[in-house]
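*Asks:* Fold the following, please.
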Amino acid sequence: MLPSAAMMPGRCDSPGPGLALRAAKVVHERTDVGRLLKAAIFPFCCSFLCAAVKGADYNPAFAASIMAAPNAIRRGHMVPISVTVNGKVRKGHVEPRMLLVHFLREQLNLTGAHVGCDTSQCGACTVLIDGRSAKSCTVFAVQADGSEITTIEGLAKDGQLHPLQEGFWEEHGLQCGYCTTGMIMSAVNLLADNPTPTEAQIREGIVGNYCRCTGYQHIVNAIQYAANKGGR
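*Replies:* As a prediction, this is how the structure comes out:
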C-alpha cells in the first residue's frame with residue numbers, strides 16, 4: 001500500500017486511508033511496477049548482500065542489471081490519472097512516486113502551490129482535495145486520481161477575487177508572498193468549517209502553515225476581513 005504521509009498538526013487534513021487504498025489500487029491495476037520490483041530489484045538486493053557477506057567476486061553483469069532496472073521502470077511504467085482541477089478534468093501520466101505538487105506545477109502549469117520546505121511542514125503547497133485542505137507535497141499524484149482539486153488559481157470567479165484574496169490585499173496579509181497561497185487555501189477550509197471564527201480559532205486553523213516573514217497578525221486580520229464578508 002502506498003503511504004499516506006502524516007500532516008503537521010492543524011487544519012491541513014491528512015489524505016487518509018481512503019486515498020492510500022485508491023492509490024494502491026491504481027498502481028496495481030494500471031502498472032506492473034510491483035511485479036517488476038518483486039521479480040527483479042529484490043533478488044538483486046538479496047544477491048548483492050549475499051555476495052558482500054560471502055566475499056564473492058564482483059559480477060559486472062549483475063551490476064549492469066541493477067543499473068538497468070530503474071531505467072526500465074521509468075521507461076514503461078507510467079500511471080494514467082484523471083483529476084478535476086478547478087472545475088476542469090485534467091489527465092496525465094505520472095510515475096507512481098510523483099508528488100501531487102509536482103504534477104500540478106510541472107504537468108498542469110499551476111504554480112500557485114509552492115514547494116517551500118521538502119519536509120511537509122511549511123504548508124506553502126496547500127490545496128483543497130475533495131473540499132479539504134491538504135499539503136500537496138504529502139500526497140502522491142496517483143492518490144488524487146478521481147478527486148476534485150482546487151488550487152489558488154481556481155478561487156477567483158468571473159474576474160472577482162475571492163473574499164480571502166481580497167482580505168489579504170486589503171489587510172496587507174503578505175510580505176514576500178511565498179506562504180500566501182497556502183495560507184489562503186487553509187483559510188478557505190477554516191471558514192468552510194467555521195464561518196465566524198474567533199482570533200484564537202483563526203490562529204489554530206493556520207498552525208500548519210508557516211510565515212517566515214512572521215506577518216501573522218496581518219494574516220489573521222485578512223481572514224477576519226473575509227469572515228466578516230461571509231467569504232468561503
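
*Asks:* use CA for all of it now, contacts and neighbours both
*Replies:* Fine.

*Asks:* From Gly159, how far off is the nearest residue to Cys179 once chain neighbours are set aside?
*Replies:* Using CA to CA, 6 or more residues apart in numbering and skipping residues adjacent in sequence, the residue nearest Cys179 is Ala124, 4.9 Å away. Distance, Ala124 to Gly159, using CA to CA, to the nearest Å: 24 Å.

*Asks:* Among these two, which residue is more densely surrounded?
*Replies:* Ranked by neighbour count (other CA atoms under 10 Å), Ala124 and Gly159 place Ala124 first, with 30 against 7.

*Asks:* Correct me if wrong: that one contacts Val115.
*Replies:* Yes. If you go by CA atoms under 8 Å, Ala124 and Val115 touch, sitting 6.3 Å apart.

*Asks:* List the buried residues in the helix or strand harbouring Ala187.
*Replies:* Assessed by DSSP states H and E, Ala187 sits inside helix 180-193. Using 16 or more other CA atoms under 10 Å as the test for burial, helix 180-193 gives 180-191.

*Asks:* And stretch 197-210, by the same measure?
*Replies:* Residues of stretch 197-210 classed as buried: 197, 202-203, 205-210 (neighbour count, 16+ other CA under 10 Å).

*Asks:* Next: stretch 125-136.
*Replies:* 125-129, 132-136.

*Asks:* Straight-line length of that stretch, end to end?
*Replies:* Distance between the boundary residues of stretch 125-136 (CA to CA) amounts to 6 Å.

*Asks:* Can you give me the domain assignment for the chain?
*Replies:* The chain breaks down into these domains under automatic domain parsing: 16-27+78-154, 32-76, 163-226.

*Asks:* Now render the ones you listed as TSV, adding mean pLDDT.
*Replies:* As requested, the domains of the chain are arranged in TSV below (pLDDT from 0 to 100):
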stretch	mean pLDDT
domain 16-27+78-154	90
domain 32-76	46
domain 163-226	96
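
*Asks:* what helices or strands is the next helix or strand after the helix holding Ala187 leaning on?
*Replies:* Where DSSP H and E defines the elements, the next helix or strand beyond helix 180-193 is helix 199-205. For helix 199-205, the elements it packs on are helix 180-193, helix 216-228, judged by 3 or more CA pairs under 8 Å, 6 or more residues apart in numbering; DSSP states H and E.
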